[in-house]
Each structure stands twice: as structure tokens, then as C-alpha cells.
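Trainee: build me a model from this:
(4 chains)
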There are 2 protein chains.
Amino acid sequence: MKISKRSKIPEATITRLSVYSRYLKRLDKQMITTISSSEIAEGVGVSSAQVRKDLAYFGEFGTKGVGYNVNDLIRYLVKILGLNVDWNMLLVGAGNLGAALVTYHEFKDRGFYITGVFDNDVTKIGTKILDMEILSLDKMPDIIKKYNVRIGILAIPPQAAQAVADLFVKNGLEAILNFAPININVPKNIEVRNVDLSIMLETITFSLAGKK
Amino acid sequence: MKISKRSKIPEATITRLSVYSRYLKRLDKQMITTISSSEIAEGVGVSSAQVRKDLAYFGEFGTKGVGYNVNDLIRYLVKILGLNVDWNMLLVGAGNLGAALVTYHEFKDRGFYITGVFDNDVTKIGTKILDMEILSLDKMPDIIKKYNVRIGILAIPPQAAQAVADLFVKNGLEAILNFAPININVPKNIEVRNVDLSIMLETITFSLAGKK
DNA sequence: GTATGTGAACTATTTCACAGCT
DNA sequence: AGCTGTGAAATAGTTCACATAC
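Mentor: I've put the predicted structure just below:
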């Protein structure tokens, strides 16, 4: 089975593929070998047509009248998402959030590794989070080279975010996971994903304020 | 100026209103009093038509030929998002992520307060994160009543997530911010927002895998 | 002159429904 | 008989472009 060339895939489709893959891994552990689109749909909370459409962007992974082989489908999804290889990341910001990210088990389960932790606070440099020594920013090029890092994580206050983002770009990183609640400007070939917890809460309060 | 009744507002619009409001607060601190939709657009990285459309769902907040009054617009947005009142939340899961959330300053800045921290690990109960004592789950009804809590945060492993979500619902919470990487099933009148960091990374690796 | 507010046009995404394969 | 894969239809969301107000 070939994995087709990507034409124009909705971002939401990629998000769901990631959800499917994790759900399928759970099924795989329970020794379930075959599954239909409607069972996946049921398990992750989307429609079965959506599941089939999402998968069909990349190939014909199922068997008509039967469904999908769980193991095979996991392998296709892992390949599509680029998870057949490990990804080394570096983290700037050794505060509470940074510490939570370093110890976040789900990352390792999915093949994501934080291979460098940086901070510009001199009282932190040289101390450790788990076994990771906190480094000064000028060590960044060494770490990027040594571990072939392509992804940077920003877990710092908003005032400092743009400067560190610039540093990421200058050092050749290709993607940024940004936890700072500010819009960072980078060249358009750099992938940026913003994680903003206050925004998520505010979509909740908007809905709740509309109720009672 | 009246804030109009909500008809059918895209979720993405609410997300952007939240972004606008934070950007405007920054301008307000710099003593900027008037701003155009294109300046907002520039600052947050969307189109100016998008800004105007988003605002127009709720009322006519601007002046033709002039723009928007920063202060007034902040007040409208705060009201729309339900941030004119404080929101008390409770947190289940006193691990690293939980600790990061308790100490997350941005929450307080926006009027969100964690007024109870729970865990089912008996070695944690009675210890503290900052000044918050970690409580056993059976104290939940007391805290909800005492602080009029409507929002619960799940920062626990996926295996335990559904059971605690059920407990939230049983105790009358109306919204859940879920950090567990699993689909939780709740009645449809309960608002759920999922924060899944691995998924965000996987949309990045999908894009990067497509490159070199 | 300038910038909003908004229908209309356009683009994107989801759902429908069924032909085709097992 | 059952379930996929997919065009077509429906729905949702964004951008255009301009009349209107200051």
C-alpha cells in the first residue's frame, strides 16, 4: 500500500489522525486486530464519514466489507505523522512549565525527546531538572548540532519570546511550539504552534457566560 | 452600545477575540487610545476584514473613519468573554503539570483562580503546592460549594480521566479543561476543551516530515 | 480622506448517500 | 450482508469590495 502525495489536507485532519493513532494503539494493546470506521468514530468522538475521509487523503488503507487492520493502520498513521523516527527538541524556559514539559511522559511515548534545556537566569544555569542540566543560551548551537534538533519549545514570559524565537530561526530550527501568550513573527517557512491555556479557558467562559 | 445576541459564532472567532483582548491590553498600557482594525490585524497576525467581522458578530464597536477606542473595546471584549467576573476552578492531579498550572501567572492576570487541588495519591494528600494544600477527592463537594466553582481541570493520566470527569459532572461542574490524552464522554451540556501537547507536536512533525 | 460594517463571492470543511468490492 | 472510498451536496468560515459615516 502506497501512502499518497499530500494535496491540500486540512489541519484538522492531521489533528484527528494523531487522535486516531493513539486510540488505535490502545486497541492494539487489547489485541483487537480489525476495526471499522464507525468504531473508530465512536471511540474518538467524530463521525464515521469523517474518519474515512481523513484516511482517504493518504491512501486506501481499508478493505471494503471488512474494515481496517489495526496494526497496519497504526503503521500508516505513524509514517504519515512522521513518527517513525524520533524527534529531538530543545526547551527554553526552566520555570514550572518547563519542568512539567521535561517530565511529561507522553512525549517519550510518542518519540519526542527534550535534549537541551536553556534559561537566561544565571541562578538557574548549571542546576538540573531531572538529569537535564540547564544551559545558557550560547550553548544552543552545540546542542542543535549534536542532537540534530529541528524543533524548539518556548516556555518563557511573553516579553522574551520574540528574541528567543529569532534566536531559534537564526540557529536553523524549523518549528516552534510556543507557550508564550504573544504572536511571534517568524519567516513563513517556520512552523509555529501556539499553546495558550488562557484562550482555551476563555472559550469556556464565553460559553458559560452565555448560560446562567 | 449594546452587545448583540449571539447567533452562530464560529469557535475560531471566540479564540481570536481572546487574542485581540490581550493585545489591546498591551496597547492600553502604552497609552494608545485609538486603533484601526488593520493595526489590530497586523499585531495579532490575521486579516483586517477578519477583525471587523469578528467584532461585528457582537455589535458596532467602532467609528467609521476613525477606528476603535482601545479602552471601550477592551471592556466590550472582556464582557463578551465573560471575564468581567472572576472564575474559580479546581484542579485534579498534583503532578508536575498540576504544579505548573497552580503557579501559572497568566491565569490570575485573566481572572482565573485555582481554589482547590486534588489528588488520589495518599502520599501527596496534605502536602502543598505553593500555599495550596492537596486534598482528597471526597473534599470536592465542599470546595465547589464554598468557592462556587464551575470549571474543573483534569491533569491526570488517561486511565483515571473518565472516572474523575464523571465525578466532576456528578458534582455539578459545567466545564472541563482536559489535559489527559483521551476522549472523555460527558453529557452534551458540559463544555470540554482538550489540551493535547503531543497532538500539537504531531501536526509539526507532519509538516516537517513533508519537507526534507 | 479614512476606516467601519456588511452583503456577496469565494474557499474550506463536513456530511450525505451510494456504487463497488469482499 | 457489510463497510470502504468518494463524488456531490450542504454547511461553515474567510475574504472582497464598497456604501456609509465621520
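Trainee: tell me the SS of residue A:15?
Mentor: Following DSSP: H, G, I helix; E, B strand; the rest coil, we place residue A:15 in the helix state.
Trainee: isn't it right next to residue B:201, touching?
Mentor: No: with contact defined as Cβ atoms under 8 Å, residue A:15 and residue B:201 do not form a contacting pair (11.4 Å). Backbone N, C-alpha and C define where each C-beta goes, glycine included.
Trainee: the two: which is more packed in?
Mentor: Neighbour count, other Cβ atoms under 10 Å in any protein chain shown: between residue A:15 and residue B:201, residue B:201 has more, with 26 against 17.
Trainee: any residue of the helix or strand where the more buried one lies up close to chain A?
Mentor: Here residue B:201, judged by DSSP states H and E, is contained in helix B:197-210. Yes: judged by Cβ under 8 Å from any Cβ of the partner chain, helix B:197-210 and chain A are in contact via B:197-210.
Trainee: what is that helix packed up against?
Mentor: If you count contacts as 3 or more Cβ pairs under 8 Å, 6 or more residues apart in numbering or on different chains; DSSP states H and E, helix B:197-210 packs onto helix A:11-29, strand A:87-92, helix A:105-109, strand A:151-154, strand A:175-178, strand A:191-194.
Trainee: so what does the second one touch, helix or strand wise?
Mentor: Put plainly, it is strand A:87-92. Using 3+ Cβ pairs under 8 Å, 6+ apart, strand A:87-92 sits against helix A:96-102, strand A:112-118, helix A:140-147, strand A:151-154, helix B:197-210.
Trainee: which residues touch it?
Mentor: Strand A:87-92 is contacted by residues A:98, A:101-102, A:111-119, A:137, A:140, A:143-144, A:147-156, A:164, A:173, A:177, B:201, B:205 when judged by Cβ atoms under 8 Å, 6 or more residues apart in numbering or on different chains.
Trainee: please spell out the ChimeraX selection for the buried subset of the residues you listed.
Mentor: Here is the ChimeraX selection string for the buried members of those, based on 16 or more other Cβ atoms under 10 Å in any protein chain shown:
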select /A:98,101,102,111,112,114,115,116,117,118,119,140,143,144,147,149,150,151,152,153,154,155,156,164,173,177 /B:201,205
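Trainee: of the contacts of strand A:87-92, which are in range of DNA strand D?
Mentor: When Cβ under 7 Å from any atom of the strand is taken as the criterion, no member of those contacts DNA strand D.
Trainee: so what's the closest residue to residue A:187 other than its chain neighbours up against?
Mentor: Nearest non-adjacent residue to residue A:187, counting by Cβ to Cβ, 6 or more residues apart in numbering or on different chains: residue A:169, 6.4 Å away. By Cβ under 8 Å, 6+ apart, the contact set of residue A:169 is A:186-187, A:190.
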